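Enquirer: Would you be able to build a 3D model of this:
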Amino acid sequence: MNRWERLTGGGSGEQYAARFAELAERGQDVHGEARLCATLVPPGSRVLDAGCGTGRVLIELARLGYDGVGVDHDASMLAVARRSAPRLTWLQADLADLDPATARVGTGFDLVVAAGNVFPLLAPGTEGAVAAALARALRPDGLLVAGFGLDREHLPVPPSLTLTEYDDHCTTAGLTLTDRFATWDADPYDGGGYAVSVHRR
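Expert: Take a look at the predicted model:
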């Protein structure tokens, strides 16, 4: 069981979607992740949304002209995604066990995005396996972009993964750091408690 399932019990899809819908209704920007992805690869690119949740990021990218697949282990989150965008491809799988070549996910993605604290909410000890699986999903020169909290202020659980550890997992998976930001708006990273990292295969 990953840390997300321990935190939510695997049944939080409707509440999660409602929270973001309320933020959007109040005028808050809820599409920063998709907007940053759109600056990294052009429309028409293939995108894998790893830990897609209710599909917020991938649905926005599809609206912008991207071709994508969403993968998540939480059935309640995927139920919302499938209802919201039934024409997109949504697959249920544990990222720690993901084999892109055999899990209907496929390979050759131009970009893999892991938003929403995906890496800190994995089962402890599986971070390296997930980084390797996501790297295998990328085409040569493809990008992995992941944003997550590094302290309790930016996480719903105690911190478990440092940037150094994450970079080491990516290096082992054959990825090279190209950019790091403090936000999905691409503000420069200043050593704070949240980071968005871009690695290239």
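Enquirer: What ranges does this protein have for its helices?
Expert: Ranges of helices within the chain are 3-8, 13-25, 32-40, 56-63, 75-84, 127-137, 163-172, based on DSSP state H.
Enquirer: Throw those helices into a markdown table and include mean pLDDT, thanks.
Expert: Shown next, in a markdown table, are the helices of the chain (pLDDT from 0 to 100):
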| stretch | mean pLDDT |
| --- | --- |
| helix 3-8 | 58 |
| helix 13-25 | 56 |
| helix 32-40 | 96 |
| helix 56-63 | 97 |
| helix 75-84 | 94 |
| helix 127-137 | 96 |
| helix 163-172 | 98 |
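Enquirer: Turn these into CSV, columns for mean neighbour count and distance to residue 113.
Expert: Yep, even glycine has a C-beta here, placed from its N, CA and C like the rest. What follows is the helices of the chain, written out as CSV (neighbours: other C-beta atoms under 10 Å; distance: least, C-beta to C-beta, whole Å):
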stretch, mean neighbour count, distance to residue 113
helix 3-8, 17, 17
helix 13-25, 14, 16
helix 32-40, 19, 5
helix 56-63, 22, 6
helix 75-84, 18, 14
helix 127-137, 22, 10
helix 163-172, 16, 14
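Enquirer: Any idea which residue is closest to the centre of the chain?
Expert: residue 114 (1.5 Å; C-alpha atoms, centre = their mean).
Enquirer: Does it touch residue 144 like I think?
Expert: Yes: contact criterion C-beta atoms under 8 Å: residue 114 and residue 144 qualify, at 7.2 Å.
Enquirer: Show residues contacting the top strand by length along the chain.
Expert: Identified as the longest strand of the chain according to DSSP state E is strand 138-149. Outside strand 138-149, the residues within contact range by C-beta atoms under 8 Å, 6 or more residues apart in numbering are 33, 36-37, 40-41, 107-120, 131, 134-135, 154-155, 159, 161, 166, 170, 175, 178, 184, 193-201.
Enquirer: Residue 48: which of the helices of the chain is closest?
Expert: When these are compared by C-beta to C-beta, helix 127-137 sits nearest residue 48, at 5.4 Å.
Enquirer: Kindly spell out which helices and strands sit in contact with the closest one.
Expert: Packing partners of helix 127-137 (3 or more C-beta pairs under 8 Å, 6 or more residues apart in numbering; DSSP states H and E): strand 46-50, strand 109-114, strand 138-149, helix 163-172.
Enquirer: could those be laid out in a markdown table, adding distance to residue 127?
Expert: Shown next, in a markdown table, are the helices and strands packed on helix 127-137 (distance: least, C-beta to C-beta, whole Å):
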| stretch | distance to residue 127 |
| --- | --- |
| strand 46-50 | 12 |
| strand 109-114 | 11 |
| strand 138-149 | 10 |
| helix 163-172 | 5 |
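Enquirer: Would you quantify the distance from residue 97 to residue 164?
Expert: 26 Å (C-beta to C-beta, to the nearest Å).
Enquirer: related to what we said a few turns ago, find residues that contact each of residue 114 and residue 144.
Expert: In contact with both residue 114 and residue 144: residue 134, using C-beta under 8 Å, 6+ apart.
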